[in-house]
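Peer 1: Just the structure for this:
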Amino acid sequence: MYKRILILCLILWSALNSSQAQSEVIDKVVAQVGGELILLSEIEEQYSLLSQQQGSQLPEDARCFILDGILAQKLLVNQAKIDSVLVTDEEVEAQLDARIQQILDYMGGDVSQFEDYYGQSVSEVKDRFRDDLRSQLLAERMRSQIITTIKVTPSEVKKFFNRIPTDSLPYFNSEVEYSELVIKPRVNTEERQKAIKKLQEIRKRILEDGENFGQIAQEVSDDFASGRIGGDLGWTRRGKFVPAFEAAAYNLDVDQISEVVETQFGFHIIQLLGRRGNTIHTRHILIRPEITENDLDLTAQRLDSIRTMIMEDSLAFNAAVKKYGYKDVQSFNNDGRVVNPATGNTFFETGELEPDIFFALDTMTVGTISQPFAFKGPSGESMFRILKLESRSQPHRASLELDYSRIQAAAIEEKQSRFINDWIIDKIGSTYIEIDPMYQSCENINAWVEPN
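Peer 2: Residues are numbered from 1 along each chain as shown. Have a look, this model is predicted:
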């Protein structure tokens, strides 16, 4: 049954990435779960995607396990509809936008490349996958509701750990946990006014001299991704932009150009190109004020003063993060603790660290704080940080003493998987299920039509 959960996770991958896998399958309904239908193309698309990823390593009965996973997903969706589990249109659109944007980012923001690859416009791709994505979100939400109360006690964690043969215990490399306090340089008044004046002049050139907004965006905008396509930000719903930008954009009439708008990214002028209900099409020109060497020096000095207060015990590190830290970094909402995006926990193998962080932490002892140092933020802006080393482990085999939180997470995951499996078995007995005879040789599918 654990393979079922694995395949279910694969099914929940972005449908967008599998859409190119099979476009000419002769389709037919091969299974039904309650009111949910399963098409042959769904199985073949997943099989093709897995084949591309695993090649000859794909087992002969892969289609059986793919169908098992899809059946489990459809069972979750069917029950979600029975239980009136809600997924809003806004959630679906936000997920669609995020997935489309991720693909566009890989393509350097090139919309024409996206459309050539998928053979459809961005809006057509969204229309094609909107229902599939809604089903995926329903299945995820139903699963979350089923397992939300699952916890493990310390004794269960210990029993789980003791069941693992000693020679099967994972070996962990040296790892660290660290916190950070990040601050962003303040723009001085002179550079701030220069940026505003530059945008005001650009706005005048467009409105009074008739110059082309898109051409100017290509030439001068500091948002390089959108600048290359004339500042075009595409069609977006509320919640896509930061509040100040969004408020200005939604208050515009079609073709109107805003006054200068300030956000954390710099200064903008925005043009509304179209509106469809709660969705708008905009373009913009961004000018970032220049950060001078003096601004950088003042920021480093300010951060050094904060560090001194922490070192002298007049201010706790987490309190300093809340009082002085830059709010738009992940660590700010975690009391400064940095989360490893690859694992979701706070442990980093030394090889996973960015070079500047590795070298800062390498000579530190637990509990000490680094000197301030500069780094580049996500948008290329200059920022400063100090680090606190929270823990450091030597290479070792997993143990309850050193790795309790990881072992606890694994124990919870196992218990959740068992609970989901039991739930599926129970629902099979009370749900109408029909499966095409072409899959009768799949041993794992028998449980769906002949429940124990």
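
Peer 1: list the buried ones in stretch 262-275?
Peer 2: For stretch 262-275, the neighbour count (16 or more other CB atoms under 10 Å) marks 265-273, 275 as buried. Quick note: C-beta positions are derived from backbone N, CA and C, even for glycine.

Peer 1: what's the farthest-apart pair in these?
Peer 2: Between any two of those, the greatest separation by CB to CB is 25.1 Å, found for 266 and 275.

Peer 1: what about the top helix by length along the chain, distance to the chain center?
Peer 2: Secondary structure assigned by DSSP state H gives helix 400-428 as the longest helix of the chain. Relative to the centre of its chain, helix 400-428 is centred 23 Å away, using CA atoms, centre = their mean, to the nearest Å.

Peer 1: Check stretch 266-279 too.
Peer 2: 25 Å.

Peer 1: Any stretches of this structure with poor pLDDT?
Peer 2: Along the chain, the model assigns pLDDT under 70 to residues 1-26, 55-56, 109, 379, 450-452.

Peer 1: hang on, the earlier thing: okay, the buried residues of stretch 262-275 in a markdown table with distance to residue 332 and secondary structure next?
Peer 2: Output for the buried residues of stretch 262-275, formatted as a markdown table (distance: CB to CB, whole Å; DSSP: H, G, I helix; E, B strand; the rest coil):
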| residue | distance to residue 332 | secondary structure |
| --- | --- | --- |
| 265 | 17 | coil |
| 266 | 20 | strand |
| 267 | 24 | strand |
| 268 | 24 | strand |
| 269 | 29 | strand |
| 270 | 27 | strand |
| 271 | 33 | strand |
| 272 | 32 | strand |
| 273 | 34 | strand |
| 275 | 34 | strand |
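
Peer 1: Going by residue numbers, what spans are helices in the stretch 251-400 of the chain?
Peer 2: 293-311, 317-324, 355-362, 400-428 (DSSP state H, counting those that start in this stretch).

Peer 1: hmm, who's touching the first one?
Peer 2: This points to helix 293-311. Identification of contacts with helix 293-311 by CB atoms under 8 Å, 6 or more residues apart in numbering yields 181, 183-188, 191, 315-317, 320, 324, 369, 371-372, 374, 382, 384-386.

Peer 1: Report the spatially nearest residue to residue 360, omitting neighbours in sequence.
Peer 2: Spatial nearest neighbour of residue 360, excluding adjacent residues (CB to CB, 6 or more residues apart in numbering): residue 370 at 4.6 Å.

Peer 1: circling back: quick one: which of the buried residues of stretch 262-275 is nearest residue 232?
Peer 2: Relative to residue 232, the closest of the buried residues of stretch 262-275 is residue 273; by CB to CB it sits at 7.8 Å.

Peer 1: before we move on, back to that, who touches the residue nearest to residue 360 in this structure?
Peer 2: 360-361, 364, 386-388.

Peer 1: at 6 Å instead, please
Peer 2: By CB atoms under 6 Å, 6 or more residues apart in numbering, the residues touching residue 370 are 360, 386-387.

Peer 1: Against residue 320, how distant is it?
Peer 2: 14 Å (CB to CB, to the nearest Å).

Peer 1: Over to residue 37?
Peer 2: For residue 37, the distance to residue 320 - CB to CB - is 56 Å.

Peer 1: between these two, who's got more neighbours?
Peer 2: Neighbours per residue (other CB atoms under 10 Å) separate residue 37 from residue 320, with residue 320 holding more: 21 against 13.

Peer 1: how far out from the middle of the chain is stretch 279-293?
Peer 2: Between the centre of stretch 279-293 and the centre of its chain there are 24 Å (CA atoms, centre = their mean).

Peer 1: same check, this time on stretch 262-274
Peer 2: On the basis of CA atoms, centre = their mean, stretch 262-274 sits 24 Å off its chain's mean C-alpha point.

Peer 1: likewise stretch 117-125?
Peer 2: Centroid separation for stretch 117-125 versus its chain: 22 Å, with CA atoms, centre = their mean.

Peer 1: Any chance you could list what contacts that stretch?
Peer 2: With CB under 6 Å, 6+ apart, stretch 117-125 has contacts from residue 115.

Peer 1: buried set for that stretch?
Peer 2: Neighbour-count burial for stretch 117-125 flags 118, 122, 125 (criterion: 16+ other CB under 10 Å).

Peer 1: Please apply the same query to stretch 126-135.
Peer 2: By neighbour count with 16+ other CB under 10 Å, stretch 126-135 contains the buried residues 126, 129, 133-135.

Peer 1: quick one, phi psi at residue 237?
Peer 2: Note on residue 237: its backbone torsions stand at phi -100, psi 170 [degrees, to the nearest 10].

Peer 1: from the buried residues of stretch 262-275, which is closest to residue 208?
Peer 2: residue 269 (13.7 Å).

Peer 1: what's near enough to touch the closest one?
Peer 2: Contact analysis of residue 269 by CB under 6 Å, 6+ apart lists 199, 203, 257-258, 285.

Peer 1: which residues in the protein form strands?
Peer 2: 29-33, 36-39, 171-172, 175-183, 232-237, 261-263, 266-276, 279-287, 348-349, 373-376, 382-393, 396-397, 433-435 (DSSP state E).

Peer 1: Can you tell me how far residue 233 is from residue 335?
Peer 2: Distance from residue 233 to residue 335, by CB to CB: 34 Å.

Peer 1: which of the two has more neighbours?
Peer 2: Neighbours per residue, other CB under 10 Å: of residue 233 and residue 335, the larger number sits with residue 233, 21 against 14.

Peer 1: residues near the residue lying closest to that one once chain neighbours are set aside, how many?
Peer 2: Spatial nearest neighbour of residue 233, chain neighbours left out: residue 282 (4.9 Å); criterion: CB to CB, 6+ apart. Here the number of neighbours of residue 282 (other CB under 10 Å) works out to 27.

Peer 1: now do the one 3 residues further on
Peer 2: Here the number of neighbours of residue 285 (other CB under 10 Å) works out to 29.

Peer 1: Break this structure down into its domains, please.
Peer 2: The chain breaks down into these domains under automatic domain parsing: 2-152+409-449, 171-185+292-397, 189-287.

Peer 1: what about the last one, start to end distance?
Peer 2: In other words, domain 189-287. Taking CA to CA, to the nearest Å, the first and last residues of domain 189-287 lie 15 Å apart.

Peer 1: Among the contacts of residue 370, pick out the one closest to residue 399, please.
Peer 2: residue 387 (26.4 Å).

Peer 1: The longest helix of the chain packs against which elements?
Peer 2: Applying 3 or more CB pairs under 6 Å, 6 or more residues apart in numbering; DSSP states H and E, we find helix 400-428 packed against helix 122-147, helix 154-162.

Peer 1: Reformat the ones you listed as JSON lines; add distance to residue 173.
Peer 2: Listed next are those as JSON lines, based on distance: least, CB to CB, whole Å:
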{"stretch": "helix 122-147", "distance to residue 173": "31"}
{"stretch": "helix 154-162", "distance to residue 173": "20"}
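
Peer 1: Many thanks, we can stop here.
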